[in-house]
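Asks: Task: produce atomic coordinates for the following.
(one chain, ligands or ions: 1)
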Amino acid sequence: PKYNPEGDAEFEDESTKIFARKVAEHYSARTNQTLEEREASVIIHLKKLNNWIKSVLVQLYARRGDAVLDLACGKGGDLIKWDKARIGYYVGIDIAEGSIEDCRTRYNGDADHHQRRKKFSFPARLICGDCYEARLDHVLADDAPFDICSCQFALHYSWSTEARARRALANISALLRPGGVLIGTMPDANVIVKKLREAQGLMFGNSVYWIRFDEEYAEKKFNASSPFGIKYLFHLEDAVDCPEWIVPFHVFKSLAEEYDLELVFVKNSHEFVHEYLKKPEFVDLMRRLGALGDGNQDQSKLFALWNGVFCIIEIFILAL
Ligand code: SAM
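Replies: Alright, predicted model coming up:
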């Protein structure tokens, strides 16, 4: 279907909607873990590393008093990070009703499963909705403009069709103030494609995760006439089981430019970790999050513990 900047939903075919619903249902069904369950998880190191990456991004970009838009905010796992940065206002949107409920519970502090904590110092608005289908400028007319838009481990869900990818970028562009930044993380398509080629099949992974392409999509990838809709299934033990889409970064970069979003920074998580672990304050942060032992633990051993999954992440910053 042809992209129409004004209308959205009616131009999407049924399968796109089915997949968006699948993603929503998957995340909705994942309830909060207890602290004990979390620590026992096989991917606890990966979760801690992901939290470290996001904390570094927040520390680097958030300023006191900032208005923050968290697209696909999930259960609000980043609320504490924003609180530490002393932001002034927070809007979180997610398609999964269950996650937004958990986020609300966490924000209200009724049953915080991690620790009893004081109330958050900023007002927040939490909304259930599809950030890649709906026009958000109307919904958030009274909340915009935002200083920061954060989209963590989620922008790739917009890449099922060109219309959705454009809607995501149009929303971000319309809601940021001039000079505002988009900070994000998503799977690194280069790494995925490289691993797929090495695997010489349609699937690769290890005991912790796997990625599987359908025959039809693998072909589409190699003959790529369209860089959208290249679907794979992602399984991460104890965390994710749902359809995702490849985002060729050069296409993302040039599409973003159409919406006046200029690339400031892009780095694979592997390089990012090596670079920012040179800075003492971020080493301390990694220790505080429990992602790095106290002793002189060999970093390469630690990276092996993360089971090779962590180099699949790409970190990017764009500015309006
Ligand atoms: N950003 C959170 C974090 O870092 O903890 C959650 C990341 S989780 C891997 C991906 C999230 O994207 C899920 O909460 C899911 O419901 C959300 N999501 C997927 N498609 C979405 C859409 N079209 N609109 C809004 N949220 C969406």
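
Asks: Tell me the residues on the chain that lie near the ligand, please.
Replies: 20, 23-24, 27, 72-74, 77, 93-96, 99, 130-132, 152-154, 157 (Cβ under 6 Å from any ligand atom). Where C-beta positions appear, they are placed from N, C-alpha and C, glycine not excepted.

Asks: Tell me which residue of the stretch 1-150 of the chain lies closest to the ligand.
Replies: Closest contact between the stretch 1-150 of the chain and the ligand, by Cβ to the nearest ligand atom, is at residue 74 (2.7 Å).

Asks: Where is the longest helix in this structure?
Replies: Taking DSSP state H as the criterion, the chain has its longest helix at helix 44-61.

Asks: just checking, what packs against that helix?
Replies: With contacts taken as 3 or more Cβ pairs under 8 Å, 6 or more residues apart in numbering; DSSP states H and E, helix 44-61 sits against helix 79-84, strand 146-152, strand 176-187, helix 269-276, helix 280-288, strand 313-319.

Asks: Pick out the residue closest to the middle of the chain.
Replies: residue 153 (1.7 Å; Cα atoms, centre = their mean).

Asks: Need phi/psi at that residue.
Replies: phi 60, psi 40 (degrees, to the nearest 10).

Asks: Tell me the pLDDT of the nearest residue to it once chain neighbours are set aside.
Replies: Excluding the flanking residues, the one nearest residue 153 by Cβ to Cβ, 6 or more residues apart in numbering is residue 185, at 5.4 Å. Residue 185 is assigned a pLDDT of 97 by the prediction.

Asks: Do a quick rundown of the helices in the stretch 51-200 of the chain.
Replies: 79-84, 97-108, 136-139, 162-175, 189-199 (DSSP state H, counting those that start in this stretch).

Asks: List the buried residues in the first one.
Replies: I take that to be helix 79-84. 79, 80, 81, 82, 83 (16 or more other Cβ atoms under 10 Å).

Asks: With that, I have no additional questions.
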